[in-house]
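A.B. asks: please work out how this folds:
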Amino acid sequence: MEWLKSIAEVLKLGPRFLVAGALLTAGALFAPAKWQEVLGVGTWIGVYRGWIGLAFAVCAVLLLLTILHWAWQLALAKHATLVARRGIKRRLRSLTEEEKKILRYYVLNQTRSNSLRHQDGVVAGLSTAGIIYLASQTGHHFDGFAFNIVDYAWSVLQKEPDLLNGETTEARCDRSAKPWD
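C.D. replies: Take a look at the predicted model:
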């Protein structure tokens with residue numbers, strides 16, 4: 001059972017160790033005999049060539065699997081980003097008037113931050129949709145908390161400001177105009 005733990009530890013090796021193992025075993029297997037003799041490993045390589053070949057194959061396969069896993073994770077992340085962006089764009093095309101008021105503030109003031117009450121359902125809806133996010137835990141229940149607009153929603157609204165056309169032209173910010181009030 002101890003040998004299974006050893007195999008599991010080998011499988012956990014990072015890519016840099018797999019590259020080193022593959023390069024060393026490839027050098028031992030494919031280096032000219034003259035180089036092997038100069039290094040003094042010619043007879044040793046001759047005796048253990050089968051094991052060295054096995055180590056090379058294992059390192060090469062694990063390295064290939066690591067590269068494929070990395071590429072798969074990258075593809076999944078790209079797909080998740082595309083799906084999220086598609087959802088944000090769809091949501092921006094079906095905003096309520098109250099949501100438009102909040103988003104108008106960002107566009108009209110050319111700012112990425114707005115003070116909003118986080119207990120408000122409209123704010124929570126925009127946050128859940130991934131259009132805005134709570135940027136700071138520091139705030140006030142009356143004046144609101146800092147909510148930033150996500151980069152993709154910002155770029156869509158900059159390209160298509162008509163999405164914010166509605167019944168009014170009001171913009172909403174929950175910060176009081178006079179801090180002493």
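A.B. asks: so the residue most central in space within the chain is in which element?
C.D. replies: In the chain, the centroid-proximal residue (Cα atoms, centre = their mean) is A77; its distance is 6.4 Å. Remark: A77 resides in helix 49-92, with elements defined by DSSP states H and E.
A.B. asks: pLDDT averaged over that helix - what is it?
C.D. replies: The pLDDT scores in helix 49-92 average 91.
A.B. asks: which neighbouring elements make contact with the very next helix or strand once past that helix?
C.D. replies: Sequence-wise, the next helix or strand downstream of helix 49-92 (DSSP H and E) is helix 97-108. Contacts defined by 3 or more Cβ pairs under 8 Å, 6 or more residues apart in numbering; DSSP states H and E place helix 97-108 against strand 113-116, helix 121-128, helix 151-159. No exception for glycine: its C-beta is placed from N, CA and C like everyone else's.
A.B. asks: what about the first one, distance to the chain center?
C.D. replies: Relative to its parent chain, strand 113-116 has a centroid offset of 25 Å by Cα atoms, centre = their mean, to the nearest Å.
A.B. asks: which residues are contacting it?
C.D. replies: With Cβ atoms under 8 Å, 6 or more residues apart in numbering as the test, strand 113-116 has contacts from 102, 105-106, 123, 132, 135, 139, 143-149, 172-175.
A.B. asks: over to the last one?
C.D. replies: The set of residues external to helix 151-159 that reach it, using Cβ under 8 Å, 6+ apart, is 84-85, 88-89, 92, 103, 106-107, 112, 130-132, 149, 163-164.
A.B. asks: again, 7 Å this time
C.D. replies: For helix 151-159, the surrounding residues in contact (Cβ atoms under 7 Å, 6 or more residues apart in numbering) are 85, 88-89, 92, 103, 107, 112, 131, 163-164.
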